[in-house]
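>>> Dropping a prediction and its sequence here:
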Amino acid sequence: MTSTSLANQTIAVFGASSGIGLAVARGARALGARVIAIGRDRARLAAVGADTLEIAACDIADEAQVAALLRDIGTLHHVVVTAGGVVGPSPLTALDFGAARDAIATKLQGSLLVAKHAAPRLAPGGSIGFTTGVLGRKITANTVVKTVINAGLEAAVRQLARELAPLRVYGVSPGPVNTPNWGVLSDDARRDRAGKLAATLPIGFMASAEDTAQAYLFAMQARALTGTVIDLDSGAQVGG
């Protein structure tokens, strides 16, 4: 695959019912790709994307479901994983390990399951995109679960770029983005939190889901990019 265009390519996006995943799916579709938007809730997917996107329900933490879905899709050019569980801050001494296991199963294990079953179906020059996060490298108190998940995925990007070559493997590390992964907040609480976070960022605002999606769209088209993590974090690594 020598063209950098996404036109007429097949792209699967896991975690596409909202936020970054939905923005990636819509962005790829706008560039002419056939896009399969994947999430746990088919009704939610249908509400946001059925007019322009193909949709499929799948629990990313269930290997049988992931394997069957990717087998049914057939040949792919790119796969992107943005799915992630909601896990709140907690000191280790009070950590809910049930919630931690669920978060790890969804984002870390789920990403690896997708890579395992997508790799044999990717066309030459194809790519696998993971979503990491600023907490993979920026030490913040009471975030050990997110740190372990994101650091693990960043290590997997480097390792799998070699193991799965010549397929390409990359990661995108967002900073704070106003998505449902913030958990259950009222509109006022979300705006208040967004304002406080934006004030800590060098650029003075939080990237939108659409801003963040540009990193994935670039990576899918950049045929020499592999084994690296793109920081699109509004400067969070160097912020306050």
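On my side now, so go ahead.
>>> Can I get the longest strand seen in the chain as CSV, trimmed to CA atoms?
Among all segments of the chain classified by DSSP state E, the strand with the greatest residue count is strand 122-131. Once non-C-alpha atoms are left out, strand 122-131 reads as follows in CSV (Å, rounded to 0.1, in the frame of the first residue of the first chain):
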residue,chain,number,x,y,z
LEU,A,122,-4.3,-6.2,7.8
ALA,A,123,-3.3,-5.4,4.3
PRO,A,124,0.4,-4.7,3.6
GLY,A,125,1.2,-1.2,4.9
GLY,A,126,-1.6,-1.4,7.4
SER,A,127,-1.6,0.0,10.9
ILE,A,128,-2.7,-0.7,14.4
GLY,A,129,-3.3,2.4,16.6
PHE,A,130,-3.5,2.3,20.4
THR,A,131,-4.7,5.1,22.7
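>>> Let me know the next secondary structure element after that strand.
Elements were assigned by DSSP states H and E; along the chain past strand 122-131, the next helix or strand is helix 144-163.
>>> Wait, G19 touches G84, no?
No. With contacts defined as Cβ atoms under 8 Å, G19 does not count as touching G84, sitting 9.2 Å away. For the C-beta atoms, the positions are set from N, CA and C on the backbone; glycine is no exception.
>>> pLDDT-wise, which helix or strand of the protein ranks last?
Comparing helices and strands within the chain by mean pLDDT, DSSP states H and E singles out helix 187-199 as the least confident, with a mean of 74.
>>> Show me what counts as buried in stretch 110-124.
110-115, 117-119, 121-122 (16 or more other Cβ atoms under 10 Å).
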